[in-house]
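heads up, no residue letters with this:
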Ligand SMILES: Nc1ncnc2c1ncn2[C@@H]1O[C@H](COP(=O)(O)OP(=O)(O)OP(=O)(O)O)[C@@H](O)[C@H]1O
Ligand SMILES: [Mg+2]
């Protein structure tokens, strides 16, 4: 949920709305604060408003309502060159008439950094993105991924207090992407840089961030550290968007404090944790992670409800086994088990019983 504003926030969005056409809002009532040094990622589907938020923070778009503050001051009152913001945008525009090294030296010259210091910083930034040998080339002589790395180096070379990055690694192959993820976060943390990072790669968001803001339809659906986001999704959208989830639909039958029972649409009853439901009779979509499903009865609580399941497919994936089941009318119910020496390998056609700890099965909104 959006957090409340705090006076020591380094970046603050306060009740921010944005409309491009004066009719529809693409950002709706955004409240978000970042303390200094935080690495925050905006994650969400295409068109959910992530880039718009970044553009408003950078000052290239103005908010239709609300206020954005940097170090306690409304951003409108700070001229762009005094904001000390490093940026990498989706269309990473390098200066075409300058060489790579000149592109990187430019933000340092603007800040009146002396020549020898400048050269050392440019070299370090180029080495960080593995482009040390390319200082003399012009952007047009580089591949898309190489240009993206230079744009990244240019955003970080002057050690800004705040860095905004919009899909900065989109053009890179997996290996380079993972290396850059590590370089960016370790540099940001060691220099105390506050970062707002945009991606639609959820693994990237989970591995890099202090907190992740999940966007959908112009609103933050949940704002939480990675583990909390994965383990405690607050609504069905987040549960579906982050990681893999099995869902079963039904009606809340009984509420007993931190446990509820749900009657599924095919009549069977299960235990769940009421997260986004409040009363008996309400429709719900329960959500359970593939790795939290148990078919070993001893590991369940006495009296736990179980469901009959039929094995449809068994996939050996090396480190894990991925088994697809038919459960309560859902033929896409997936469980994941670790490849351990004593692990049971289920076979297609086999009939089993599955269950879970109620706290691992979340009763959420029915969408
Ligand atoms: N300059 C603009 N004029 C009019 N509408 C715009 C403009 N820029 C963005 N939009 C609209 O605002 C909405 C949010 O766009 P935005 O670029 O913020 O999404 P995003 O979350 O960054 O998506 P993506 O992941 O595809 O980059 C979209 O519906 C988009 O079409
Ligand atoms: Mg975008």
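Sure, I can see it. Source: prediction; values computed, not measured. Numbers count the residues shown, from 1 in each chain. Ligands and ions are numbered 1, 2, ... in the order given.

switch to C-alpha atoms for all contacts and neighbour counts from now on
Will do.

and stretch 248-266, how far apart are its ends?
Start-to-end span of stretch 248-266 (C-alpha to C-alpha, to the nearest Å) is 10 Å.

Mind listing what's buried along that stretch?
For stretch 248-266, a neighbour-count test (16 or more other C-alpha atoms under 10 Å) marks 248-253, 255, 259-264 as buried.

for stretch 74-85, same thing?
Those would be 75-76, 83-85, for stretch 74-85 by 16+ other C-alpha under 10 Å.

cool, and stretch 17-27?
Applying 16+ other C-alpha under 10 Å to stretch 17-27 flags 17-19, 25-27 as buried.

Next step: those residues restricted to helices.
Assignment to helices by DSSP state H places none of the buried residues of stretch 17-27 there.

so which of those also contact ligand 1?
residue 26 (C-alpha under 6 Å from any ligand atom).

Can you report how many residues neighbour the residue of the stretch 101-250 of the chain found nearest ligand 1?
Ligand 1 sits closest to residue 200 of the stretch 101-250 of the chain, with a gap of 6.3 Å, by C-alpha to the nearest ligand atom. Around residue 200 there are 18 other residues, counting by other C-alpha atoms under 10 Å.

re earlier: greatest separation within the buried residues of stretch 248-266: which pair is it?
The span of the buried residues of stretch 248-266, defined through C-alpha to C-alpha, is set by 248 and 255 at 17.7 Å.

Quickly find the element holding residue 68.
Here residue 68, judged by DSSP states H and E, is contained in strand 65-70.

same question but for residue 33, I mixed them up
Secondary structure (DSSP H and E) places residue 33 in strand 27-34.

Which strands border that strand, and is each parallel or antiparallel?
strand 11-18 (antiparallel) (DSSP bridges).

How far away from the center of its chain is the strand it pairs with?
Here the centre of strand 11-18 is set off from its chain's centre by 19 Å, with C-alpha atoms, centre = their mean, to the nearest Å.

Run the angle between it and strand 65-70 for me.
With axes from the mean of the first three to the mean of the last three C-alpha atoms, to 10 degrees applied, the angle from strand 11-18 to strand 65-70 works out at 160 degrees.

Compute the mean per-residue pLDDT across strand 11-18, please.
Average pLDDT, strand 11-18: 96.

which other residues reach that strand?
Strand 11-18 is contacted by residues 5, 25-36, 62-72 when judged by C-alpha atoms under 8 Å, 6 or more residues apart in numbering.

Now, of these, which are buried?
Here, 16+ other C-alpha under 10 Å leaves 5, 25-36, 62-63, 65, 67-70 buried among the contacts of strand 11-18.

can you map out the strands along the stretch 101-250 of the chain?
162-166, 194-199, 211-216, 219-224, 246-256 (DSSP state E, counting those that start in this stretch).

follow-up on the earlier one: in CSV, list the buried residues of stretch 248-266 along with distance to ligand 1.
Formatted as CSV, those follow (distance: C-alpha to the nearest ligand atom, whole Å):
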residue, distance to ligand 1
248, 29
249, 29
250, 32
251, 34
252, 34
253, 38
255, 38
259, 36
260, 36
261, 37
262, 35
263, 37
264, 35
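
wait, which of the residues you listed is closest to residue 319?
Nearest member of the buried residues of stretch 248-266 to residue 319, counting by C-alpha to C-alpha, is residue 248, at 27.1 Å.
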